[in-house]
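Q: Structure of the sequence below:
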Amino acid sequence: MTELSRALLRLVEELESAEIPYGLIGGLAVAAWGEPRSTLDVDVTVWTEADQTSVLVQRLTSVFLARSANPVAFVRDRGVLPLEFEGVRLDVVFARLPFERDIIERAAKREVAGRMVNVIAVEDLVLMKMISEREKDLDDARKLIRRFGSSLDVGY
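A: The predicted model follows:
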């Protein structure tokens with residue numbers, strides 16, 4: 001098992017143990033939907049009620065190395081918790097808007113690193129990639145559209 005896989009599985013284990021709704025995003029999500037994609041980090045989005053955010057941040061930073069001096073303030077200001085596990089970067093994005101909660105709820109179970117993991121739906125992944133300005137993200141969106149074109153829920 002790779003370091004990336006171990007980091008992902010440890011994060012998923014912690015989130016599921018805490019009963020935190022989550023969805024895998026980023027390069028690993030693209031790969032989970034069948035488009036080969038190299039990546040060096042783990043990206044997930046999570047939903048917590050605002051009053052529970054600091055509790056989750058404290059829980060995660062007790063298991064993973066925080067990559068910011070004040071993780072609670074960093075999440076409050078930027079909406080993301082940068083972590084590290086065995087040399088692998090993990091970014092936990094805190095969803096705040098109702099449509100972001102919907103994205104997490106629409107996540108599908110996919111096998112990743114030998115375990116079933118919540119991966120955001122292809123349509124949501126395409127949308128997230130399309131609003132990015134990074135060429136790599138736009139390329140991911142194009143590849144997913146080519147792969148799933150006729151089966152994508154275009155109305156959504």
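Q: Only C-alpha atoms from now on, for both contacts and neighbour counts.
A: Fine.
Q: burial of residue 42, as a residue count?
A: 24 (other C-alpha atoms under 10 Å).
Q: so which helix or strand takes in it?
A: In this assignment (DSSP states H and E), residue 42 forms part of strand 41-47.
Q: Could you give the average pLDDT over that strand?
A: Averaging pLDDT along strand 41-47 gives 97.
Q: partners of it, with directions?
A: According to DSSP bridges, strand 41-47 forms sheet pairs with strand 22-25 (antiparallel), strand 88-95 (parallel).
Q: okay, the ones you listed, which one's buried deepest?
A: Across the strands paired with strand 41-47, the average number of neighbours (mean count of other C-alpha atoms under 10 Å) peaks for strand 22-25, which reaches a mean of 27.
Q: returning to what we had before: out of the strands paired with strand 41-47, which gets nearest to residue 135?
A: strand 22-25 (16.6 Å; C-alpha to C-alpha).
Q: For residue 145, give me its contacts.
A: Contacts for residue 145 (C-alpha atoms under 8 Å, 6 or more residues apart in numbering) come out as 126, 152.
Q: what bridges to the residue nearest to the spatial centre of the chain?
A: For the chain, the residue nearest the mean C-alpha position is residue 44 (1.7 Å; C-alpha atoms, centre = their mean). On the basis of DSSP bridges, residue 44 is bridged to residue 24, residue 92.
Q: Tell me the buried residues in stretch 126-133?
A: Judged by neighbour count (16 or more other C-alpha atoms under 10 Å), stretch 126-133 contains these buried residues: 126, 129-130.
Q: ditto for stretch 104-122
A: Quick answer for stretch 104-122 (16+ other C-alpha under 10 Å): 104-110, 112-113, 117-122.
Q: okay, who's weakest in those by pLDDT?
A: residue 113 (91).
Q: count of residues packed around residue 11?
A: Neighbour number of residue 11 under other C-alpha under 10 Å is 20.
Q: Look at it and report its pLDDT.
A: Residue 11 is given a pLDDT of 98.
Q: now the strands: where do they sit in this protein?
A: Under the criterion DSSP state E, the chain contains strands at 22-25, 41-47, 65-66, 80-85, 88-95, 108-112, 115-119.
Q: other SSEs contacting the shortest one?
A: Contacting strand 65-66 under the criterion 3 or more C-alpha pairs under 8 Å, 6 or more residues apart in numbering; DSSP states H and E are the following elements: strand 80-85.
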